[in-house]
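Trainee: Please work out how this folds:
(chains A, B, C and D)
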Protein chains: 2
Amino acid sequence: MADLRGGDLSRLRQLNSLTAIRALRRAGPLTLSALAERTGLSRPSMKEVTAELMELGWVEEVPPSPGTMGRPARRYRFRADSGHLVGVDIGGHNIRAALSDLDGEILAETRQPVSPDDPLEDRLAAIERAVSGCLALSRTTVDDLWTVAVGTIGVIDPEGRVVYSAAVPAWRDLDLAAELRRMFPCQVLIENDSRLAARAEHRRGVAKGARDVVFLHVGRRMGAGLIIGGKVHRGFGAASGEIVMLPEARWFHAPEHLNTCVSVPDGTPPEDAAGYTLAAARNGDPAALEAVERYVDDLAVGTAAMVLILDPEMVVLGGGFSRSADVLLDPLRRRLERSCMRMPEVRASTLGDECVVVGAIDYAVDHLDDQLFTPDSGPLPVTR
Amino acid sequence: MADLRGGDLSRLRQLNSLTAIRALRRAGPLTLSALAERTGLSRPSMKEVTAELMELGWVEEVPPSPGTMGRPARRYRFRADSGHLVGVDIGGHNIRAALSDLDGEILAETRQPVSPDDPLEDRLAAIERAVSGCLALSRTTVDDLWTVAVGTIGVIDPEGRVVYSAAVPAWRDLDLAAELRRMFPCQVLIENDSRLAARAEHRRGVAKGARDVVFLHVGRRMGAGLIIGGKVHRGFGAASGEIVMLPEARWFHAPEHLNTCVSVPDGTPPEDAAGYTLAAARNGDPAALEAVERYVDDLAVGTAAMVLILDPEMVVLGGGFSRSADVLLDPLRRRLERSCMRMPEVRASTLGDECVVVGAIDYAVDHLDDQLFTPDSGPLPVTR
DNA sequence: TCGACTTACGAAGGAGCCCTTCATTACTAG
DNA sequence: CTAGTAATGAAGGGCTCCTTCGTAAGTCGA
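Mentor: So this is what the prediction gives:
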């Protein structure tokens, strides 16, 4: 709770530097006066702060904006291009990668199809291909990368080792962090994909600004990500959100209702069955509608558990099936209304399939922020 | 997430004052040097801070401790006696009250038996009697009270209105905060009892210092309190922890296994039946042991849901039945080991029946801290 | 009882950070 | 070209913190 460390003058300056960087990251190029006003500091102080940040390479000057009254003010911006971040979504059937600048602005994206049964080497090679594709698209090199953040299904321990993965056999017990560190000469972060998706939805999606959010990551596999107190909740062993493991919560087998619907034509590849059922339900197919009902019945049990336990502001339906949110949302709301103490908002994800990659980028950005913004290590690191 | 306000010199001083108060509250009387060391400030600076705090009445000098080498250092302490706090536990069958100083040190306690069927006026009168009993015991008056914090079963909305109460019929839809404010001319706080118990266990009980804790409030009624990120989690509508409302979690009817055990002699008052069963189980009575098994089976389902969702560091078994933790803990651990991804520590409450009152006191202390320690309102208020 | 030792006190001087103020500079509008 | 506007840069002052040093008030041992 309490750190008992008092403040120093230099800490004050640090704090103000960080505040300035934040303001610049948030609002693009700013003049000294604008910065001063936003941060509440005086202009001369702001000037010193800015000079220091320029010295350190975090901030650079841009040409003044023309056409204004009076003497043109110098403008400064955060050097988002002094490095790059990569986010990777390692799914069962696809590996997606995205490259962004230090502000999280996405500059390139790629996708590599894989199969759940691929041997380990093939998967790792696909990751490398996906990332180098991004690098090529944006004409950067691997040396420009500051951070690679990876999201994957399964439970990842705090050190980046895969503890459990039902979906990808080759994944189990893999020291994924070590493999990736071998691949990329920069910081590597690993996180559960549902938590990344929740993060993305909270930073730039439908749950922006909400304090407590339950994110349902529904697709061929089920998962959940929690935002509590405005922060992603990982849990003590990084295993939060695994309600799917509890039989009574009825999540594990829930997708089968969609897969085994009689409306699905014979010969449909198994990975497309659920999508077919959902589409059929949208068109009013009675058997499909009934399958969706049964699916939502199950989905609602685990969801109600989370809602009753956490009393969140909002429940976000995301993941592969959220494309069919129009079919799922209303039944889900009806079920939840029956069991919940206080009904939360129930909304569909706005990021869709991208949510995990985007969340990985956001994770990298946040991690960078943490490094910048809690510099117990002393002054800001020099970049250039 | 980010407040974009830069720091001022005065803010630095404020921060240091607050740090000093914290250190004093935590570690009792301290000398200037000790304070300086703890806070990282220099002694001269600490001296100025202390002088200011004495001026404002927050801190006072105590006689130096004798028998030390060198010149005796002046010692200072937080003036915990400049006001008093009251905690109240409104249960179905008992109303407990405790009075403490501003540090949360308990000075007096009282108890008033009530019945769940008592009319509203009787209950409110009992509350008043319990509190004035404390005041009399500690020779204080109601004017000395800074805060009254109340814990009660049921769901309380953020404004202090009782939304739902299965246990106490007269409680429903009551504006409890308003009633209590009429009774006590000071700040009144209302909170769910399970959350208060969790708070107590986290501040001074078995879960001290843990970051994420699931507190099981088991007794004739079931409840849960969550500590997430070192803070009590209330939820958006102050309705967190209500897993008991979910039939699939099997909490609601769980205590019946203990009440209906065949070993309980006829004529045992219903409120003592569970206690009898637990005692019999401790003595090896087979029917009682079986009832306990069934009880724990149910208890474990809801608990596993919370553990899987949150991945806490620790599960604390508290509430009335925690007196029989020796009978319950091992079976509970065995059940949880089967269903949990990562097994948390499972421990018994150390505060027992007192946990809610104590938690109420702690809530009042924390609330005071918040007022002191986030003084956006400006300088510290003067006391005296 | 007295000196040596230990530890805290209090005052002085200095550095860092922020603020306000004001003359100066650069650009636009007419 | 002049008036008006708005940013710039430098000077001066206040607050908070730090280090340093001589002084004060105890304990310990002879």
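Trainee: Output the below-cut-off pLDDT ranges for the stretch 1-150 of chain A.
Mentor: Confidence mapping of the stretch 1-150 of chain A against pLDDT under 70 gives the ranges A:1-4.
Trainee: Around DNA strand D, which positions in it sit nearby?
Mentor: A:6-9, A:31-33, A:43-44, A:47, A:68-74 (Cβ under 7 Å from any atom of the strand). Quick note: C-beta positions are derived from backbone N, CA and C, even for glycine.
Trainee: Please list only the buried members of those residues.
Mentor: Among these, the ones that count as buried by 16 or more other Cβ atoms under 10 Å in any protein chain shown are A:6, A:7, A:31, A:32.
Trainee: what's the neighbour count on residue A:275?
Mentor: 18 (other Cβ atoms under 10 Å in any protein chain shown).
Trainee: Surely it forms part of a helix?
Mentor: Yes: looking at residue A:275 with DSSP: H, G, I helix; E, B strand; the rest coil, it is inside a helix.
Trainee: give me the number of residues near residue A:192?
Mentor: 27.
Trainee: which ones are touching it?
Mentor: A:151, A:152, A:153, A:154, A:155, A:156, A:223, A:225, A:238, A:241 (Cβ atoms under 8 Å, 6 or more residues apart in numbering or on different chains).
Trainee: Quick check: next helix or strand after the helix or strand where residue A:325 lies?
Mentor: If you go by DSSP states H and E, residue A:325 is part of helix A:325-339. Next helix or strand after helix A:325-339 toward the C-terminus (DSSP H and E): strand A:345-348.
Trainee: Outside of the helix or strand encompassing residue A:127 itself, list whatever touches it.
Mentor: If you go by DSSP H and E, residue A:127 is part of helix A:120-137. Applying Cβ under 8 Å, 6+ apart, the external contacts of helix A:120-137 come out as A:86, A:88, A:90, A:95-99, A:107-112, A:114, A:118, A:141-142, A:144, A:148, A:150, A:168, A:170-171, A:174, A:179-180, A:183-184.
Trainee: Which elements pack onto the helix or strand residue A:13 falls within?
Mentor: Using DSSP H and E, the element containing residue A:13 is helix A:9-27. In terms of contacts (3 or more Cβ pairs under 8 Å, 6 or more residues apart in numbering or on different chains; DSSP states H and E), helix A:9-27 is packed against helix A:32-39, helix A:43-56, strand A:59-62, strand A:75-78, helix A:355-373, helix B:9-27.
Trainee: so which of the ones you listed gets nearest residue A:340?
Mentor: helix A:355-373 (24.4 Å; Cβ to Cβ).
Trainee: Tell me how far the closest one lies from the chain's centre.
Mentor: 8 Å (Cα atoms, centre = their mean, to the nearest Å).
Trainee: and if you look at stretch A:205-212?
Mentor: For stretch A:205-212 - counting by Cα atoms, centre = their mean - the centre lies 13 Å from the chain centre.
Trainee: now do stretch A:198-207
Mentor: That offset, for stretch A:198-207, works out to 7 Å (Cα atoms, centre = their mean).
Trainee: Rounded mean pLDDT for that stretch, please.
Mentor: The average pLDDT for stretch A:198-207 rounds to 96.
Trainee: which residues sit against it?
Mentor: Counting by Cβ under 8 Å, 6+ apart, A:208, A:210, A:213, A:215, A:217, A:224-227, A:230, A:232, A:314, A:316, A:318, A:347-351, A:354-356, A:358-359, A:361-363, A:366 sit against stretch A:198-207.
Trainee: Show the buried residues in those residues.
Mentor: Here, 16+ other Cβ under 10 Å leaves A:210, A:213, A:215, A:217, A:224-227, A:232, A:314, A:316, A:318, A:347-351, A:354-356, A:358-359, A:361-363, A:366 buried among the contacts of stretch A:198-207.
Trainee: follow-up on the earlier one: report the buried residues of the helix holding residue A:127.
Mentor: Buried, per 16+ other Cβ under 10 Å, within helix A:120-137: A:123, A:124, A:126, A:127, A:128, A:130, A:131, A:133, A:134, A:135.
Trainee: Grab the nearest non-local neighbour of the third one.
Mentor: Ranked by Cβ to Cβ, 6 or more residues apart in numbering or on different chains and with sequence neighbours excluded, the top spatial neighbour of residue A:126 is residue A:112, at 4.4 Å.
Trainee: what helix or strand is the one you found on?
Mentor: Per DSSP H and E: strand A:106-113 holds residue A:112.
Trainee: State the distance from the residue nearest to residue A:63 when sequence neighbours are not counted to residue B:132.
Mentor: Once flanking residues are discounted, residue A:63 sits nearest to residue A:75: 7.4 Å by Cβ to Cβ, 6+ apart. From residue A:75 across to residue B:132, the span is 66 Å (Cβ to Cβ, to the nearest Å).
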